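Trainee: Build me a structure from this.
(chains A, B and C)
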Amino acid sequence: MSDPNATRVLFEDFAPAAVALFYAIAAAAVAVFGYGVYVQVRKYRRGAAATLEGGLGARFVAMVGTVLSHRTIARRDRPAGAAHRLIFYGFALLFLGTSTITLDYDILGPLFHVHFWRGAFYLWFSLVLDVAGVALAVGLGYMMYRRGWLKLPKLDYTRPDRKPGDPDYDRSEYRREDWAFLWTLLVIAVTGYLLEAVRLVWLAARPEVWDTRWWSPVGAALAQAMQTGGMSATAGGEWRLGLWWFHGILALLFIALIPFTKVKHIFTAAGSLLARDPLAAQRLPRVPEQQQRVGVQYITDFTWKQLLALDACTKCGRCHEACPARAVGAPLSPRDVILSLREFANRTLDSGALPAQAELDVHGKGVGQVAMETLWSCRTCMACVEVCPVAIEHVPIIVQLRRKLVEEGEMDPQLKKTLQTIHKTGNSFGESKRKRAAWTKALPFPVKDARKQPVDVLWFVGDYASFDPRNQKVSQALALLLHRAGVDFGILYEGESNAGNDVRRVGEEGLYEVLAAANIGSLATASFKSIMTTDPHSYNTIRNEYPDFGGRYTIEHYTTQLLRLLQEGRLGIARPLGLRVTFHDPCHLGRFNKGYDAPREILRLIGCDLIEMGRCRANSFCCGAGGGRIWMPDPPGVDRPAHNRMREAAQIPGLQVFVVSCPKDLTMFEDALKGSGNEGAFVVRELIELVREALGQEQGAPVPQALA
Amino acid sequence: MSGILVIAEQRRGELRPVTLELVSAAQTARRAPGERVAVAVLAEEPERFIKAVSVAGVDEVIAVPVASKEFDPDALEAAALALIAARSPSLVLVPHSIDAFGWAAALAVKGNYGFATDVFQLGYEDDTLRATRGGYGQKVNVEVDFPGKEVVVLAVRANVFKPPQGQSQPAVSRFEPPPAPSRLRGREFVESSDGADDVDMSGAEFILAIGRGIGEQANVQQFQELAGALGAALGCSRPVADAGWLPKSRQIGQSGKTASACKLYVAMGISGAIQHLAGMKHVSTIIAVNADPAASIFSVATYGVVADIFEMAEALRENFPG
Amino acid sequence: MKILVAVKQVASLDEDFEIRGDGKDVDADFLVRDLNEWDDYSLEEAMKIKEAGSGVEVVAVCVGPADADEALRKCLAKGADRAIRVWDEAVAGSDAIAIARLIAAVARREQPQLLFAGVQSSDHAFASTGVAVAAFLDWPHAAVVTQLVYAPGGESAVLRRELEGGVLHEMQIDTPAVITIQLGINTPRYASLRSIKQAAAKPIEVLTPQQLGVAEAELGEAGSASRVRRMYVPEKSRAQMIEGTVEEQAARLAQLIRERRGGAS
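Mentor: Here you go, the predicted model:
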């Protein structure tokens, strides 16, 4: 029953004064909204300049794709993804709907005498918006259930970086705001339906309205119920008037307050996604030569992009949940670093005049400030950056704050000493440079010096793999494998220094530059086709960061090389191992550089039965050694990430081997195996060692029999 | 120029045992048999020490009254300078001690004497005085001589020479030094009182000492328990005391305590820096546990174990239940 | 008011070092150089006084060849205002006393209120240079100082120094004075690589002994209080190493301990 004249008369029965009043209120709402936007933009502009990666067009397309697909919200939390899609599309459609009406009524109509909001279009329009409203309400309903009943740990706002009694410990204001947001939207939606319904009751006598009422099914159903309840047309008219103003003003109020409330994430999230740097934590920003101060001290040292990102956070808690430091009780939650800084920025940068510089210092234990202990707890594992749905880049923020601490010497004494040692000897063990290749002496063949002879593969060994006795065995095992496979490889001997990945993440940018320059200098004297490394940390920095310093190379992690050798048959499996294993993705190989598959394929080829841990691949749980933490003592009596991981592995029934492919992981987990009481339950092995066993080259130490 | 002059060291009424070791050192440095060895006591009441220094090998004791009861380098230097000028010994021995750090070099400069410190071997060869000290962190030995110097002052390392056995009846004389203005005013002696501790390292016969190798403060407890189970006093090297993980009174070494009464010293996680060795290398049985096979401590230890100190501590504990 | 801090670039031995042809020193190829550990503390103590007052100038001085500039840069990076290096071929072979003569000459030139030196150096450990400088200048001196209280511009300082047996002696000393600084007196600040690089822009004044009025005869072997005849690697005594598994080693240790500990078991 489609009537070409079907439409809704706007402002029906309104006195001109009332219409004018409405428009005045709307204008005021828009003005308030505009002012709010101005204050926020002014705040961002008080930050430092930023260079964005990649072209605007590509980033825009990526952002739109991410937003429309809701990929980042649905990851690892399908219900939240589904509910937010409902809210997003519901709201978007309703908003588009209102805009359509405005377009028709306020623009095209008066100017060009074109009215398209009528007839079939109007009817379909009504249906779509009714459905959108249902979607919105259902989504909101789920979110309320999620917060109120499920009480998810990630939505617990208790912050680990403050104690009860601290002025900014209490988070009730955030909870109130969250609930206010949910309820306001819900009330707007519900009153919209009620308004629809009472209008139908009021105009029940008009056939072009009443006969097409089922194109607004919810409204129609409600109207039916109201009539059954005895509402007369007149009463309907009175209700309609009241509801019209209530719904209208509430909606306008909502719009006006967007820039002042959590609702602004609509824009800030999109903005943050638009400015996203896909290599944010993998490639840290340089310090420009001429820059006076190093790192971030004042809130205005952050770039406008970072200040915008602070506003994009919706407290979803995914970073809080993923953080290994938070998981073991350290005073760090990436979420709370962002929220602290946001509160600080709002407090200082929202006002008309910029406060004195001294008040802009973000370091310390005051309200909104970030404490040293918080910053030093970070493992730079980038679990937070990886999982954040709105592309907040926590790790670069933390590193830039650390740079200032390093400049002032405010760090753990052991860390200080290690940095001085690295500066003096080029390695974190304090060993003479000459001893770097000492591990090769035990081999039955000489290892080529890549500085003197050309090689196919330059093996960048790394500190731990060169100097730590346990890891030296692994290096020797790999050398034997490569030799057996006939790979032409060499090492840099004394020409290799610590690659600098962790030095950079500690915030000692000056020392990093020295190390990078030294290594790039050594590599320049060598002749090779590609670089291979056993150390994921070195892999990350050489691959992603050395190009900024003039060193561009083809580099692979050993797992890629080893897989190729196995697939090409240059290494033959003598006996499939048949072991029940799990694989721990090293942060810097997996999450940082997406190297998940090669090790798994190797495990499959050597006949191992791989059972994944819950937190695997991109969600792997850091061993705790990153960010320089391996050079700092852990506070006594506190849990450690590696122990936490062991407990996770121990839940796999019949697990025989916990497989790692990073020297620091090997060190951390072998310690943790004992410390967490799992010695004898399963063993920790490097992937190379298992490959050697499978090749029949070596009988490893006995592995516990799988329990039935 | 002839004769050997030993300058005694005393503090607060007690003669320091190193003085007697110097008398033994003097015996090895006699240019000719019969060369006289004199011991000078510089103190407010020097006569009180005559009996204590009258050991075998001492030909003369010289009492030198010095105005100050406190340790006053100016007074000591002036008195020693005058004494040397008056008695013309060819060799003057002082201990290489914390006290002597404060004045021995000044004495050598003022008198334009030959000078070497931390000497652990000395003697005449081809009629020239030679002394041996360490170099590059005690990794090498350096032999020095003193061409053109009529008087040589040597600061001799402690715990190298054994004190002489037996007494003697030396001639006793007195020497009045000229008055010397003092530019220091002593205020008080302060016992290292951080962590009021009743455990005296210098009296302990069995010491378990921990070093930087223990890594962090949290690990001290494991070794505390081990020491208790073994019946040893828990001591440490300087870095541990500096970090505050154990009270300063537990520090053994050059500027801490000397393990004088110790018969058995077990060092865990101690690399063997010279300052630490100075306090314990004389102990008759030293057992060193360290993960680094090249640690210097192994060159002074009687027995050595290359192992992870935590594993060893645990395994050792199992051997001493209760 | 000025504080002069005397620092030394010490050398430590690399693996497998060799003695030089003339037998008097280690082949320079095997020497790894760094700022003396004690000097970190001296410089920090000077910086503390500088930062507590105003108008305090901290000057670092080092006797050494060109590569000693690195040690001075570290001092400049940590906040020293100026740096002076003294060198000339004639200085080679000088012992602590001859070096002290040069430092004293710098002090006469600079006229500081305080002169800091480390108690000893980590390579040759003469433990003499600081006090020898005081003798050349005839200044009051205190060695092995673990605590210092000085108001910039004051006429005296109160300090605590170590004596044998772990005793601390508190005393008051008139200035100008020479103080030798012991480890642990403070917590030396960290010099970030960036500050070290920036310190490269600050000039280091290089002086010759002649400019300081010190004659050649007062330097090198001729001006020293001792002369090196030879340097050699001693017969290294070695502990009897106990082998085996951790359990076996522990059992043997336990046996030794029971035998040797004396007194009540």
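Trainee: As a check, name the ranges of all strands in the chain.
Mentor: If you meant another chain, say so; for now it's chain A. Taking DSSP state E as the criterion, chain A carries its strands at A:448-449, A:457-460, A:489-491, A:530-533, A:555-557, A:580-583, A:609-610, A:657-660, A:683-686.
Trainee: not quite, I wanted chain C
Mentor: C:2-7, C:9-13, C:31-35, C:57-63, C:82-86, C:114-118, C:141-149, C:156-163, C:167-174, C:177-181, C:204-207, C:227-232, C:240-241.
Trainee: Under the pLDDT cut-off, which ranges of the chain? List them.
Mentor: All of this refers to chain A. A:1-3, A:636, A:697-708 (pLDDT under 70).
Trainee: Let me rephrase: I mean chain C.
Mentor: Using pLDDT under 70, the flagged stretches of chain C are C:262-265.
Trainee: how about TSV for the strands of chain C, with distance to chain B and mean neighbour count added?
Mentor: All C-beta atoms are positioned from the backbone trio N, CA, C, and that covers glycine. Shown next, in TSV, are these (distance: least, CB to the nearest CB, whole Å; neighbours: other CB atoms under 10 Å in any protein chain shown):
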stretch	distance to chain B	mean neighbour count
strand C:2-7	13	26
strand C:9-13	5	21
strand C:31-35	8	19
strand C:57-63	16	25
strand C:82-86	18	22
strand C:114-118	11	29
strand C:141-149	4	23
strand C:156-163	5	22
strand C:167-174	4	18
strand C:177-181	7	28
strand C:204-207	21	16
strand C:227-232	5	17
strand C:240-241	5	12
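Trainee: In a markdown table, list these along with distance to residue B:165.
Mentor: As requested, the strands of chain C are arranged in a markdown table below (distance: least, CB to CB, whole Å):
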| stretch | distance to residue B:165 |
| --- | --- |
| strand C:2-7 | 44 |
| strand C:9-13 | 39 |
| strand C:31-35 | 44 |
| strand C:57-63 | 46 |
| strand C:82-86 | 50 |
| strand C:114-118 | 39 |
| strand C:141-149 | 33 |
| strand C:156-163 | 29 |
| strand C:167-174 | 29 |
| strand C:177-181 | 37 |
| strand C:204-207 | 55 |
| strand C:227-232 | 32 |
| strand C:240-241 | 29 |
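Trainee: So for chain A, which of the ones you listed sits nearest?
Mentor: Across those, chain A has its closest neighbour in strand C:31-35 (6.0 Å, CB to the nearest CB).
Trainee: got the angle between that closest one and strand C:9-13?
Mentor: For strand C:31-35 against strand C:9-13, the angle by axes from the mean of the first three to the mean of the last three CA atoms, to 10 degrees is 140 degrees.
Trainee: and for strand C:31-35, what are the contacting residues?
Mentor: Strand C:31-35 is contacted from outside by A:424-425, A:432, C:7-14, C:17, C:67-68, C:70-71, C:74-75, using CB atoms under 8 Å, 6 or more residues apart in numbering or on different chains.
Trainee: quick one: the helices in the stretch 1-150 of chain C?
Mentor: In the stretch 1-150 of chain C, the helices defined using DSSP state H, counting those that start in this stretch lie at C:37-52, C:69-77, C:96-110, C:129-137.
Trainee: Of these, give the one that comes closest to chain B.
Mentor: The nearest among the helices of the stretch 1-150 of chain C, by CB to the nearest CB, is helix C:129-137 at 3.7 Å.
Trainee: Can you dump the C-alpha atoms of whichever helix in chain B runs longest in CSV for me?
Mentor: Scanning chain B for the longest helix, with DSSP state H as the assignment, gives helix B:73-87. Output of helix B:73-87 as CSV, limited to C-alpha atoms (Å, rounded to 0.1, in the frame of the first residue of the first chain):
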residue,chain,number,x,y,z
PRO,B,73,98.6,13.4,59.0
ASP,B,74,100.3,16.7,59.4
ALA,B,75,101.8,15.7,62.8
LEU,B,76,102.8,12.3,61.6
GLU,B,77,104.5,13.6,58.5
ALA,B,78,106.4,16.3,60.3
ALA,B,79,107.5,13.8,63.0
ALA,B,80,108.5,11.1,60.5
LEU,B,81,110.4,13.7,58.4
ALA,B,82,112.4,14.9,61.3
LEU,B,83,113.1,11.4,62.5
ILE,B,84,114.3,10.3,59.2
ALA,B,85,116.5,13.3,58.8
ALA,B,86,118.0,12.7,62.2
ARG,B,87,118.5,8.9,61.9
